[in-house]
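Novice: Prediction below, plus the sequence it came from.
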Amino acid sequence: MPKITKITIFTVLFFILGVFYLSLTRETNYNTSNLISKEVPEFKIIYFNDSNYFTNQDLKKNKYTLINFWASWCYPCKIEHPILIKLSKENKLKMVGVNFKDKSDQALQFLDSLSNPYDILLKDTKGKQSVNFGIYGIPESILVNEKSTIIKKFVGPLSIDDYREIKKVIN
């Protein structure tokens, strides 16, 4: 009987050490590289001011679309806003803003005070549709082509370097 106990203890100890080792070697950074070159999954996000839906089929109407997830309560969203305004002047780029877990009146006030860079304004009040895009925080932006293929994903506020990169891709 003592032999079975030693084997059991050794097995449990080996299992615990194995789990510990695997958790130490696991990648913990959020990595979105697996989304690049993949088609946007099917989605249906409601327009900000009516009950119609914007879908992945609507992305195919534009050569390039930048989908930006933002909220009025998000300070980094305010930081990136001048970059979005600059991008909104690019003729080859359609700008889609997805208001994330926000109050409508506060979102509109945000856009009124800073200006609205979006061609299309959507809302994801509960944040459930944003999960389809791998969004885990905001701001995040996704550059998509006319085939609904993700070209690039930007985590965090867009920078001037991101602006240059987007401009290079669309031109």
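Specialist: Received, thanks.
Novice: Return the residues in contact with residue 100.
Specialist: 69-71, 74, 124, 127, 130, 135, 138 (CB atoms under 8 Å, 6 or more residues apart in numbering). Every residue, glycine included, has its C-beta placed from N, CA and C.
Novice: Which pLDDT value belongs to the residue nearest to residue 120 when sequence neighbours are not counted?
Specialist: Distance criterion CB to CB, 6 or more residues apart in numbering; nearest residue to residue 120, sequence neighbours excluded, is residue 96 at 4.6 Å. On pLDDT, residue 96 comes in at 97.
Novice: show me what contacts residue 63?
Specialist: 92, 145-146, 170.
Novice: cool, and residue 142?
Specialist: Contacts of residue 142 by CB under 8 Å, 6+ apart are 35, 40, 66-67, 133, 150, 152-154.
Novice: what about the closest residue to it other than its chain neighbours, which helix or strand?
Specialist: Leaving aside its sequence neighbours, residue 142 sits nearest to residue 67 (CB to CB, 6+ apart; 4.7 Å). If you go by DSSP states H and E, residue 67 is part of strand 64-70.
Novice: got the buried residues for the helix or strand just after that strand?
Specialist: As assigned by DSSP H and E, the chain's next helix or strand after strand 64-70 is helix 75-87. Residues of helix 75-87 classed as buried: 77-78, 80-81, 83-84, 87 (neighbour count, 16 or more other CB atoms under 10 Å).
Novice: wait, which of those is closest to residue 8?
Specialist: residue 77 (54.8 Å; CB to CB).
Novice: about what we covered before: go through the contacts of residue 63 and flag which are in helices.
Specialist: With DSSP state H as the criterion, helices contain residue 170 from among those.
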